[in-house]
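[1] coords below, sequence missing:
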């Protein structure tokens, strides 16, 4: 893939009375206008770093924010963001080693991360991994891979995380064995349990607590499910199965059709799975709901799918090859729907691919360098 390089020209104009230089106009990608930018952040666990990037709507290749956050715990992996009720934006990072979430504020003019006036941190279960934030920005959830549960918090107007519930084990909701991926919408949550090969199903009450769906949860998945994604229309769910090289596809039981299955329960589609590349891990759904993308860690590919608008069933496209040995680990789609970002764990880079919004195909793009090797997970803040 081509690597983008900025070039400029410097020209001097001479006349008998004076000499001056005509400089090229400033690179519009570096001009700071918050209305034109969004920001992307990626965790790098082995140096305890979060790297930020600025994305210009008109010039999509991200520009690295020179300010890095070091000392972001000991092994930051999971990352998410929220828009606080006071209008500020925040990034939250799960520290897998010390069992804690740390919060940072975003400078809207530069994208630089900083500490809150009062440091924001919250205890989790053992080995917190994936973070997700409720669409209302009022609640945050993280899977705890080592303690087989999910931690749930309310987000205060000032960014503080307050564990939900009361008493011993506050904010901790049981899941299956080795929970990893989690996805939520306004009223439902689903957790991929890689150790028990199933998906825990929850309803979300008005206070943000997860209530496991009785007499149905968990539902069977493939072998070592990794990530889970909910379709924007709230009717379909997709789960990557790393060992089976498949994606499980489900229909969500809505209130009007609850009967044999309760509201929120996952019902396997026919077929129940579709093929992927080798060792599918991450999954992302296009904002339009028309396309799904899966990162395959062992064959360095991304598999695109089209979504049947009536049934939600996936139709596999041709795998898109990345550079060999990259081990794609995470995916994120820019909210505009124009670009797909692929985190490449075995390197020091993220790949950006343009999306053909007509058919979902991945077009040319560029490589976005990271300052250190082994980037893990990323989040894009609108």
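    Ah, there it is. Keep in mind the model is a prediction, meaning the values are calculated, not measured.

[2] all contacts plus neighbour counts: C-alpha atoms, from now on.
    Fine.

[3] and for the nearest residue to residue 96 once chain neighbours are set aside, the neighbour number?
    Nearest residue to residue 96, sequence neighbours excluded (CA to CA, 6 or more residues apart in numbering): residue 127, at 4.5 Å. Neighbour count of residue 127, defined by other CA atoms under 10 Å: 24.

[4] you'd agree residue 127 is up against residue 142?
    No: judged on CA atoms under 8 Å, residue 127 makes no contact with residue 142 at a distance of 9.9 Å.

[5] toward the C-terminus, what is the element adjacent to the longest strand along the chain?
    Longest strand of the chain, by residue count under DSSP state E: strand 266-275. As assigned by DSSP states H and E, the chain's next helix or strand after strand 266-275 is strand 280-285.

[6] return the distance of that following strand from the chain's centre.
    Put simply, strand 280-285 sits 9 Å off its chain's centre (CA atoms, centre = their mean, to the nearest Å).

[7] hmm, who's touching that strand?
    For strand 280-285, the surrounding residues in contact (CA atoms under 8 Å, 6 or more residues apart in numbering) are 226-231, 238-242, 245-247, 291-298, 329-333.

[8] return the subset of the residues you listed lying in helices.
    Judged by DSSP state H, helices contain none of these.

[9] for this protein, give me the ranges with low pLDDT.
    Along the chain, segments meeting pLDDT under 70 span 1-36, 57-61, 66-71, 166-170, 258, 324.

[10] the same query, at a cut-off of 80, please.
    Across the chain, the ranges flagged by pLDDT under 80 are 1-37, 57-61, 66-71, 165-170, 255-260, 323-325, 364-365.

[11] helices of that one, start to end?
    Taking DSSP H, the chain contains no helices at all.

[12] got a list of what residue 175 touches?
    Counting by CA under 8 Å, 6+ apart, residue 175 touches 148, 149, 150, 191, 193, 200.

[13] okay if I get those residues as CSV plus distance to residue 378 and neighbour count?
    As requested, the contacts of residue 175 are exported to CSV (distance: CA to CA, whole Å; neighbours: other CA atoms under 10 Å):
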residue, distance to residue 378, neighbour count
148, 23, 22
149, 22, 26
150, 20, 28
191, 19, 29
193, 21, 30
200, 24, 24
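
[14] could you tell me how many residues sit around residue 224?
    23.

[15] oh, that last question was meant for residue 223, not what I typed.
    Applying other CA under 10 Å, I find that residue 223 has 19 neighbouring residues.

[16] over to residue 263?
    18.

[17] also the one 10 residues further on?
    A count of nearby residues for residue 273, using other CA under 10 Å, gives 23.
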